[in-house]
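Sharing a sequence plus its predicted fold:
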2 protein chains.
Amino acid sequence: MILSALLTSVGINFGLCIIYIAAFSILRKLPVNADVYAPRIVAAAKNDDTSDSNSGRSTSWLRMAWDPSEDELLMRAGLDGLVFMRIFIFSLKVFSFAGVVGLCVLLPINYMGSQIYIDFSDFTNKSLESFSISNVNDGSKRLWIHFGSVYAFTAFVCYLLYFEYNYISSKRFEFYSSSKPKPDEFTVLVRGVPESSTQSLDETVENFFSKCYPLVYLSHYMLYNTSKIWKIVHDAEKIYEKLAILKSTKESSQRFGRVGFLGLCGPKVDLVEYYEKKLEDLEVETKIQQTFVTGKELPAAFVSFKTRIGAAVALHIQQGQNPIEWLTEQAPEARDIYWAFFSTSFLTRWIGNVVVVIACAVLTILFFIPVLIVQGLTNLNTLEALFPFLRGILDIAIISEVITGYLPSLILKTFLAIVPPVMRLLSSIQSFVSHSQIEKSACIKVLWFIIWNVFFANALSGSILYRLNIFLEPKKIPNILAVAVPEQATFFITYVVTSGWTNTASELLRLTALIMSYIKRIFTDESGEEFKVPSLHYSSEIPRILLFGLLGITYFFLSPLILPFLLVYFCLGYIVYRHQLLNVYSPQFETGGTFWPIVHNCTIFSLVLMHLIAVGIFGLKGLPLASTLTIPLPIITLLFNSYCQKRFVPDFKGYPVELMAEKDRRDENDPEISDFREKLITAYQDPALKPIHFNEITDSRNAPLLASES
Amino acid sequence: MILSALLTSVGINFGLCIIYIAAFSILRKLPVNADVYAPRIVAAAKNDDTSDSNSGRSTSWLRMAWDPSEDELLMRAGLDGLVFMRIFIFSLKVFSFAGVVGLCVLLPINYMGSQIYIDFSDFTNKSLESFSISNVNDGSKRLWIHFGSVYAFTAFVCYLLYFEYNYISSKRFEFYSSSKPKPDEFTVLVRGVPESSTQSLDETVENFFSKCYPLVYLSHYMLYNTSKIWKIVHDAEKIYEKLAILKSTKESSQRFGRVGFLGLCGPKVDLVEYYEKKLEDLEVETKIQQTFVTGKELPAAFVSFKTRIGAAVALHIQQGQNPIEWLTEQAPEARDIYWAFFSTSFLTRWIGNVVVVIACAVLTILFFIPVLIVQGLTNLNTLEALFPFLRGILDIAIISEVITGYLPSLILKTFLAIVPPVMRLLSSIQSFVSHSQIEKSACIKVLWFIIWNVFFANALSGSILYRLNIFLEPKKIPNILAVAVPEQATFFITYVVTSGWTNTASELLRLTALIMSYIKRIFTDESGEEFKVPSLHYSSEIPRILLFGLLGITYFFLSPLILPFLLVYFCLGYIVYRHQLLNVYSPQFETGGTFWPIVHNCTIFSLVLMHLIAVGIFGLKGLPLASTLTIPLPIITLLFNSYCQKRFVPDFKGYPVELMAEKDRRDENDPEISDFREKLITAYQDPALKPIHFNEITDSRNAPLLASES
């Protein structure tokens, strides 16, 4: 890698960011783009197109995005949105501290060293390394300042972690206490209802719960295998979309077409008539299926109670004498349920889980191989040795710059784009019952994937090619990391972070959505009528953002030069996502902030990784005492983590009796509670079993045909 | 080891058994021994010395002991007694099957082999081995029968394990359903009550629970640090004992003595007067301490509820917002509480646990060293090489027989006698709040100790002396086990099992208790007035019995010759313990059968150990295919075990809502429930804080001075 390539890349990315931000400042003012830049506001007030968000100067949104108040965010984006934004605030705090220490203390010390011989004819290639720890003379006493900074930084990050956990945990309880009664607080999902020869499953459930919970049992709703109906609905949806386009086109000639094989054969018919007939057929078929399906109950039900404590008892205490019957779990919010795949057999779920876990592990590990090969590209000498015929091409400056400079970040970007959907797909067949569980599980999978591939594959690729046995000699890992890391860290991370700038800024511009909306307008007459309020995929966003935090924490004392780039990234991210969460994305579910433990664990992981590298570096640099004295640090960090697990994790698994009892008490005096209970009885009805009229279709995110009924 | 030594040992042990049984048959008929052989009956009806148990022919007890009905046992010894006896029944079933397979199939096959060259001049030393698997020719197809028997035996044992778990689990629920309301069902122990500046701990607890459980909260009882009072009571107890002996002696000369340093100096005084004065002083001091202590509440309380479900909610669901405050655990029975050591600080308990775990591990591993040395004794050649001057002595036949034959079993016996009290001591400082928890924890500790020392130290001692690196090469364990085990197994186990016969039979005779009772009668006038009804220490008995089961299962297919000895042992044990549980021992607590999972896990452990040995043996015997085909067996066994964990372990952790709700419903119609609730309020009062009058002393097991008040 050479400095000019890096500087080119930084410059291009910086320029793109400025252009994107300027473009956004102008484009958001055009009322025609309101459905891209403020779809929530448009959805809330369809008739009043000129909403507040469009007024003010072009850059007023920048000031608003820095508004420190969290109440509006909490109201509009829920606790998950708040937690998401806390990632940026937490990172900004961490890297402000790291930036001060790194730039004011470590950077001058590194530069004062003379370990790296700077050949002025090759100045550009070595100059960056003279700012990294590699330049400090071996055995120098100045390394103790690095040692001290590692301790201080760890203490600071741990303090922040505790503070954030505490803050989010208290916000979670506050949110719970202040929220109105919600159906999922009173409901549990029961699986493994035992079969009985004398009564139906429905009766079994009714008898069991009215006997065990005579005072608090309210109602139950049996589950059915509605996957066929969901398929019909899905087909109808497609036809409806075609129909909507047909009806809105001006030219009547398009109304006629062939309907045979791929629309290529058969006589020409009136397509509107044809599709309307087909919709009617599907409606009839849906009704037949509904009657058919409701005859066969699954051994699972949503059971609702009059009090939150009643539901908690059903959730936390063994129900029947056989612990693999009457299994209970927290009911998701009704809008959050993943109806389409509702497998109930214990064995199926168990096998599904095992298969998915193995698939994920294999996928993650096998991806290592292409990464290794492509990473070999950055080492031009290796490449030339392997493929001698390429020598002529590789000697051309621009090509070698592209290969060594852009390819790694391109590969990374491709991963970051492709992996989350794949992981979501894998999670979705893992028999989770809600979208939020799928998102959370996918988020963890993506994180593991990224940590493995980006951290280890990137950091170790140079050395691992001739040291594949590293994992057979775990004691050597710190040393190998210490050798492999600093020489690549500055270049690599700067590349990745600056390309992250552009990514984030393009997210601000919502380029794809903007283009799509223009294309739609060309084909259909009416605009602004039929748009989706998008929702944020946490499983894509959180790992991408955490990755930068992880890189920054792990390499902070090795290459302080990366810190300002990170600070810019998190500032940009804060501005971009806060605005978007307020006006663009609408939450699809509310997990009550349970994404935070993932963030916490990742941070602990990167701290420990940093400690391991520090152990190796101090050893290599001829300061074995510092190396030894660093060893207690990961142990203390892990003890701190285990305390945090005890102290906070239970808070994120459920709610304490104290709060539930208080809310139940408030309910007693609430005149609306009887209305609420009536609604509760039907809250968990499968949308696929409700009466369906296809002419009432609207277009919301998941189940347009069915959501219209609620 | 030589055959003659073994036969001598078997003969002696068999003879001793017969003598003990005969002596018991006679001695139990003497009314004067009733307080040794039927203390429970004596305690139940002190005035009616001629109870049922003394009638009938001398051997009628033998018939009665085989009575298959479990109702009487359940009534008198509780579920723990029943579980204890199920160990024998389970073992008898296992070894009946093993005996049939081993003696009818494996033994003839082994004997038909010709691998072991029998030198008829040395017949005695080799003859036993010709019945073991060592005698089967290498590569013989007959080894497939051993292979099949390992599979069949595993399947049978797993079936029995499932059956027993199911049986005991259902018995547990039956016992719970049919039992009357007990205070511990309605009570939880709460620790970590948060301090408040505005109210006392007592008020905090009252406010919290009456707010969170307005309908079901009944009362609470704060805990105090009464260790000082318990010390005074302990002192008073000793003085009282001296006083009782003094008062009952006929000779008045003994009433006068010195009371200075160790009773050696100072003027002669009337001891009765002196001790009575001292008792009065202690009574005054107790009252002062009681007033002093009740001023300082500990942040812990017993909280009682009106319903079982209420208590279960407090037990299973997080109480306060901070999960390390308001920690709840199941309250033990009042009689079961270990008041003397009631540490409440979270940190103290955590440190205590860590220290005890380390101490146990160190103790267990360090004991390996003396075992290795003494085990070296059985290898006379090694011994002679190490200590050449001993050669003359070791050549004497009788000495070598004693050293090689008796020393190992003597060491084992000593272990078995010393280790349980040590482990109980360690467990008691582990801040458990009840005797039953201490017993259970000690039982597990003793088992680990025995498994490590007896299994590995004994089995591996021969080979391990020159292969200490075995645990660094885990792949070699099966092979090493396979080499080391069979050559020692038959001799060693037969020794251990036959000495177990004598142990068990002497337990029947209760020799120590018998002698003690005669000595007591010499010194005191009245007899039968002041005796203790003893209780069984499960932490001593269960590991001792399980050890034989473990040995039998592990070595069953290697040396079928051991099986009849085991069958005799378990028959004898069944007879001895069943009689004793009915008439001698009185249960000190009721854990509801929660000892069974320990038995289950141990059996699984020994099955897997057997599989590992089988893998090694088949490999060594030149049947690598059989060796490979055995590998799935431990995997299947562990999967079976994990299913059992899911299916049964929750049943042993608590009771399902189904049963609790039913019992609560029954209570509503019970006219005695209001009386019970009044008693419940005071059930968990610390005996040390009750009014104490030292002239009302009686002698019951734990807290004689205090129990008298209840």
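Sure, I can see it.

where's the closest residue to residue A:654 other than its chain neighbours, which helix or strand?
Excluding the flanking residues, the one nearest residue A:654 by Cβ to Cβ, 6 or more residues apart in numbering or on different chains is residue B:318, at 6.4 Å. Where you see a C-beta, it was placed from the backbone N, CA and C, and this is true even at glycine. Using DSSP states H and E, residue B:318 falls within no helix or strand.

quick one, phi psi at residue B:318?
Reported as degrees, to the nearest 10, the phi and psi values for residue B:318 are phi -50, psi 130.

Also the one 3 residues further on?
Listed backbone geometry of residue B:321 is phi -70, psi -30, with angles given as degrees, to the nearest 10.

Equivalent analysis for residue A:218, please.
phi -110, psi -60.

Residue A:327 too?
Phi and psi for residue A:327, reported as degrees, to the nearest 10, are phi -80, psi 130.

thinking again about what came up before, for the residue nearest to residue A:654, give me its contacts.
By Cβ atoms under 8 Å, 6 or more residues apart in numbering or on different chains, the contact set of residue B:318 is A:650, A:651, A:653, A:654, A:655, A:656, A:657.

what about 7 Å?
Listed by Cβ atoms under 7 Å, 6 or more residues apart in numbering or on different chains, the contact set of residue B:318 reads A:650, A:654, A:656, A:657.

how about the residues of chain A near chain B?
A:173, A:211-212, A:309, A:312-313, A:316-321, A:323-324, A:646-647, A:650-651, A:654, A:656-658, A:661 (Cβ under 7 Å from any Cβ of the partner chain).

Whichever of those residues end up buried, select them in ChimeraX.
Those of the residues of chain A next to chain B that count as buried under 16 or more other Cβ atoms under 10 Å in any protein chain shown are selected in ChimeraX with:
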select /A:173,212,309,312,313,316,317,318,319,320,321,323,647,651,656,657,658,661
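
Mind listing what's buried along stretch A:230-247?
Neighbour-count burial for stretch A:230-247 flags A:230, A:232, A:233, A:236, A:237, A:239, A:240, A:243, A:244, A:246 (criterion: 16+ other Cβ under 10 Å).

try stretch A:172-184
A:172, A:173, A:175, A:176, A:181, A:182, A:183, A:184.

Name the nearest of these relative to residue B:430.
Residue B:430 lies nearest to residue A:173 out of those, by Cβ to Cβ, at 33.7 Å.

Leaving out sequence neighbours, find the closest residue to residue A:542.
Using Cβ to Cβ, 6+ apart, the closest residue to residue A:542 is residue A:443 (5.4 Å).

Which pLDDT does the model give the nearest residue to residue A:556 once chain neighbours are set aside?
Distances taken as Cβ to Cβ, 6+ apart put residue A:98 closest to residue A:556, at 4.8 Å, once the chain neighbours are dropped. At residue A:98, the pLDDT value in this model is 93.

The one 4 residues further on too?
For residue A:102, the model assigns a pLDDT of 91.

cool, and the one 3 residues further on?
At residue A:105, the pLDDT value in this model is 89.

from memory it sits against residue A:146, does it?
No. Between residue A:105 and residue A:146 there is no contact under Cβ atoms under 7 Å: 9.1 Å.

neighbour count winner among these two?
Using other Cβ atoms under 10 Å in any protein chain shown as the criterion, residue A:105 and residue A:146 rank with residue A:146 on top: 23 against 16.

Surely that one is in a helix?
Yes. Residue state for residue A:146 (DSSP: H, G, I helix; E, B strand; the rest coil) corresponds to a helix.

residue contacts, it?
A:106, A:133, A:557.

Show me the residue of the stretch 101-250 of chain A that gets nearest to chain B, please.
residue A:212 (4.2 Å; Cβ to the nearest Cβ).

which residues touch the closest residue to that residue other than its chain neighbours?
Among residues not flanking residue A:212 along the chain, residue B:661 sits closest, at 4.2 Å (Cβ to Cβ, 6+ apart). Applying Cβ under 7 Å, 6+ apart to residue B:661 gives the contacts A:211, A:212, B:309.

Dihedrals phi and psi, residue A:296?
Residue torsions, per degrees, to the nearest 10, at residue A:296 are phi -120, psi 100.

hang on, the earlier thing: sec struct for the residue nearest to residue A:556, please.
Here residue A:98 is helix, with the state taken from three-state DSSP.

can you pull out the helices in the stretch 1-150 of chain A?
A:3-27, A:34-37, A:39-44, A:60-65, A:71-101, A:107-112, A:123-127, A:143-178 (DSSP state H, counting those that start in this stretch).

Who are the packing partners of the fourth one?
Applying 3 or more Cβ pairs under 7 Å, 6 or more residues apart in numbering or on different chains; DSSP states H and E, one finds that helix A:60-65 makes contact with helix A:562-583.

quick one: low-confidence ranges for the stretch 351-500 of chain A?
Where the stretch 351-500 of chain A drops to pLDDT under 70, the residues are A:370-387, A:390, A:394, A:397-398, A:400-412, A:415-416, A:454-489.

Tell me which residue in it sits closest to chain B.
residue A:354 (11.7 Å).

elements contacting the helix or strand containing that residue?
Secondary structure from DSSP H and E places residue A:354 in helix A:346-366. On a contact count with 3+ Cβ pairs under 7 Å, 6+ apart, helix A:346-366 meets helix A:407-428, helix A:435-450.

what does the last one rub up against?
It stands for helix A:435-450. The contact list for helix A:435-450, computed with Cβ under 7 Å, 6+ apart, reads A:332, A:336, A:338, A:360, A:364, A:419-420, A:423-424, A:426-428, A:430, A:432, A:537-539, A:542-543, A:546-547, A:588-589, A:591, A:594-595, A:598, A:602.

what distance separates that helix from the centre of its chain?
7 Å (Cα atoms, centre = their mean, to the nearest Å).

Compute the inter-axis angle for it and helix A:346-366.
Helix A:435-450 and helix A:346-366 are oriented at 30 degrees to each other (axes from the mean of the first three to the mean of the last three Cα atoms, to 10 degrees).

Below-threshold pLDDT in the stretch 551-700 of chain A: ranges please.
For the stretch 551-700 of chain A, applying pLDDT under 70 flags the ranges A:693-700.

Okay, helices next: where are they in it?
Under DSSP H, counting those that start in this stretch, the stretch 551-700 of chain A gives helices at A:562-583, A:596-620, A:624-630, A:632-653, A:657-668, A:673-683.

Quick check: buried residues in the fifth one?
The neighbour-count criterion (16+ other Cβ under 10 Å) identifies A:657, A:658, A:659, A:660, A:661, A:663, A:664, A:667 as the buried residues of helix A:657-668.

Please look at the fourth one and residue A:311 and confirm they touch.
No. Counting by Cβ under 7 Å, residue A:660 stays clear of residue A:311, with 8.7 Å between them.

Now the stretch 251-400 of chain A against chain B: closest residue?
Closest contact between the stretch 251-400 of chain A and chain B, by Cβ to the nearest Cβ, is at residue A:323 (3.8 Å).

show me the contacts for that residue.
Applying Cβ under 7 Å, 6+ apart to residue A:323 gives the contacts B:647, B:650, B:651.

Would you check that the first one makes contact with residue A:192?
No. With contact defined as Cβ under 7 Å, residue B:647 and residue A:192 do not form a contacting pair (11.8 Å).

what touches both of these two?
With Cβ under 7 Å, 6+ apart, residue B:647 and residue A:192 have common neighbours residue A:324.

Am I right that residue A:257 is in a helix?
No. Going by three-state DSSP, the assignment for residue A:257 is strand, not a helix.

any idea how far it lies from residue A:284?
Going from residue A:257 to residue A:284 by Cβ to Cβ, to the nearest Å gives 24 Å.

among the buried residues of stretch A:230-247, which are in strands?
Here DSSP state E is the test, and the buried residues of stretch A:230-247 give no hits in strands at all.

Tell me which two of the residues you listed sit farthest apart.
A:230 and A:246 (24.8 Å).

I'd like to know how many residues surround residue A:638.
For residue A:638, using other Cβ under 10 Å, the count is 14.
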